[in-house]
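Visitor: mind looking at a prediction? Sequence and model below.
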Amino acid sequence: MSAPFRLLFVCLGNICRSPAAEGVMRSLIEREGLADRVTIRSAGTGGWHVGKLPDQRMRTAAQNRGYDLSSRARQVTQNDLRDYDLVLVMDNQNMRDIRTYDLSSQFGSKIRLFCEFCSHHKDREVPDPYYGGEQGFELVLDLLEDGCRGVLAHIRSALP
Ligand code: 4NP
């Protein structure tokens, strides 16, 4: 079988949005029987929370929708842009930050804003929920559930 498609979600801290994206996407990929054809990971542009589980508020909100978030935070590395086929960032600041790793500007086409893949929400970014209330975490999950369906369709079209 050919090498799996490699998908990386990126946010700032890797404890709220991108691990939730990883959990939502993995659930969808498993349900579709594609688990051995798609590798899903997440990372943060910042390093403050490296090694930690996702934020408890994000874990609880995700658990309530049936997603188990158990990844450990890590920081984006130079090699990520080489190693992943698609890198989906949550907001424009993440986009600016990750582009600083693309020293020779060769990976621009594989770095995309997650919200491009949403079809029911008009938001251009997945807002950072860290300093806000519970409803911010619900909005994150709403956006992720919408966009991950679009990401699934995109990956299906890219699989050999
Ligand atoms: P995330 O949220 O980027 O969705 O993981 C944040 C988590 C932590 C911080 C900021 C955003 N922080 O400043 O520590």
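Guide: Yep, that arrived.
Visitor: what about the longest helix along the chain, average pLDDT?
Guide: For the chain, the longest helix by residue count, based on DSSP state H, is helix 134-158. For helix 134-158, mean pLDDT is 98.
Visitor: number the residues from 223 up from this point.
Guide: Understood, numbering begins at 223; the last thing we discussed is helix 356-380.
Visitor: which residues sit against that helix?
Guide: Applying CB atoms under 8 Å, 6 or more residues apart in numbering, the set of residues contacting helix 356-380 from outside is 227, 229, 238-239, 242-243, 246-247, 250-251, 254, 256, 260, 279-280, 283-284, 287, 307-308, 310, 336-343, 345, 348-349, 351. Backbone N, C-alpha and C define where each C-beta goes, glycine included.
Visitor: cool, stretch 292-300 as well?
Guide: By CB under 8 Å, 6+ apart, stretch 292-300 touches 232, 235-237, 241, 244-245, 263-269, 271-276, 320, 323.
Visitor: stretch 330-349 now?
Guide: Outside of stretch 330-349, the residues within contact range by CB under 8 Å, 6+ apart are 231, 233, 239, 243, 303, 306-314, 317, 320-321, 324, 358, 361-362, 364-366, 368-373, 376.
Visitor: restrict these to those near the ligand?
Guide: Counting by CB under 6 Å from any ligand atom, the subset of the contacts of stretch 330-349 that neighbours the ligand consists of 233, 239.
Visitor: check the contacts of stretch 330-349 for burial and list the buried ones.
Guide: Applying 16 or more other CB atoms under 10 Å to these, the neighbour count classes 231, 233, 239, 243, 303, 306, 308-313, 317, 320, 324, 358, 361-362, 364-366, 368-373, 376 as buried.
Visitor: get me the contact residues on the chain for the ligand.
Guide: The chain comes close to the ligand at residues 233-239, 266, 270, 350, 352, as judged by CB under 6 Å from any ligand atom.
Visitor: now those residues: which count as buried?
Guide: Buried members of these, counted by 16+ other CB under 10 Å: 233-239, 266, 350, 352.
Visitor: next, format the residues you listed as TSV and append secondary structure and pLDDT.
Guide: Output for these, formatted as TSV (DSSP: H, G, I helix; E, B strand; the rest coil; pLDDT from 0 to 100):
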residue	secondary structure	pLDDT
C233	strand	98
L234	coil	98
G235	coil	98
N236	coil	98
I237	coil	98
C238	coil	98
R239	helix	98
G266	strand	98
D350	coil	98
Y352	coil	97
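Visitor: which parts of this protein are helices?
Guide: Assigned by DSSP H, the chain shows helices spanning 239-253, 278-286, 300-305, 314-321, 356-380.
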